[in-house]
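J.: Need a 3D model of the following:
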Amino acid sequence: MSDVPVPILMYHAVASDPNDATRALSVTPEAFAEQMAVIADRGLAPVSTADLAACWRSGRPLPLRPVLITFDDGYEGVHRHALPVLAKHGFAATLFVSTGWLRGPYDTGGALDTMLDWDQVRELAGAGVEIGGHSHSHPQLDQLDDGRLRSELILCKEIVSDQLGAAPASFAYPYGYSSRRVRQAVREAGYAQALAVGNGLARRRQGPYALRRVTVRRSTHLAEFERLVEGRAIARTFARDRALTKGYAVVRRARQARGRILRSGA
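T.: Have a look, this model is predicted:
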């Protein structure tokens, strides 16, 4: 089966006036509507994360020109601003929720901006938006010990299951950080697929637990967005991001090594 690349768009907040913490990774409602119109005008076919992974796992054909629309964290604007636009076009999407950030009984107080409440999450699910997991408290999972890592994954899954009546099948790594140990833990927790960042197109050969996404920011102008969904100039667009990621990866590996030494008592 051919390994056709698929653009997976990563959104966060959709807001006219976000706070400083979320501004760079937010888009305005107007920009979001324009971007969804681009997808419609080009005849792209939005699918959910679960559907993409299921097709790649089983060999079933995807629709022509598939694209994924995903949202991380669970900001209130996904319900207020994004849902009406998605409904207008009949687009599938996936929302990855950090359960400890959502308003309601499990709120830990760590959220960066106004978040969804569980009634709104249920409305999104009822409208056909896939609800996936994004951990409980949004930590850097690869920096946690095995016990805390498992707790973050299982608690998120159990809360979503309790609130929606169905377990989440898909997961997205907070900050995009994962490792072989984290990916294995996500699999053992019962998630069938997981998304990273990577700022590249998703391909079947990446495996179901390391699918790449491309970041949509407040600074993403319409011509750049058109290139992203067409799969053009991805490397050039995210060259600076990739350079920073490589440098930070060295730092993160050193931290992980120190953590292993400390945990072993050496």
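J.: these two touch, right, Pro208 and Leu195?
T.: No - counting by CB atoms under 8 Å, Pro208 does not reach Leu195; the two are 9.7 Å apart. In short, each C-beta sits where N, CA and C put it, glycine included.
J.: Show me which of these two is the more surrounded one.
T.: Neighbours of Pro208 and Leu195, each counted by other CB atoms under 10 Å, are more numerous for Leu195; the result is 30 against 21.
J.: Assign that one to helix, strand or coil.
T.: strand (DSSP: H, G, I helix; E, B strand; the rest coil).
J.: if you skip the residues just before and after it, what's nearest to it?
T.: Leaving out its chain neighbours, the residue that sits closest to Leu195 by CB to CB, 6 or more residues apart in numbering is Ala172, at 4.5 Å.
J.: which ones are touching that neighbour?
T.: 70, 72, 96, 132-134, 194-196 (CB atoms under 8 Å, 6 or more residues apart in numbering).
J.: Below-threshold pLDDT in the stretch 1-150 of the chain: ranges please.
T.: Low-confidence segments of the stretch 1-150 of the chain (pLDDT under 70): 1-2.
J.: ok, now with 80
T.: Applying pLDDT under 80 to the stretch 1-150 of the chain picks out residues 1-3.
J.: all strands for it, in order.
T.: Assignment of strands within the stretch 1-150 of the chain using DSSP state E, counting those that start in this stretch yields the ranges 8-11, 13-14, 26-27, 45-46, 66-73, 94-97, 130-133.
J.: Which elements pack onto the fifth one?
T.: In this case it means strand 66-73. strand 8-11, helix 29-41, strand 45-46, helix 49-58, strand 94-97 (3 or more CB pairs under 8 Å, 6 or more residues apart in numbering; DSSP states H and E).
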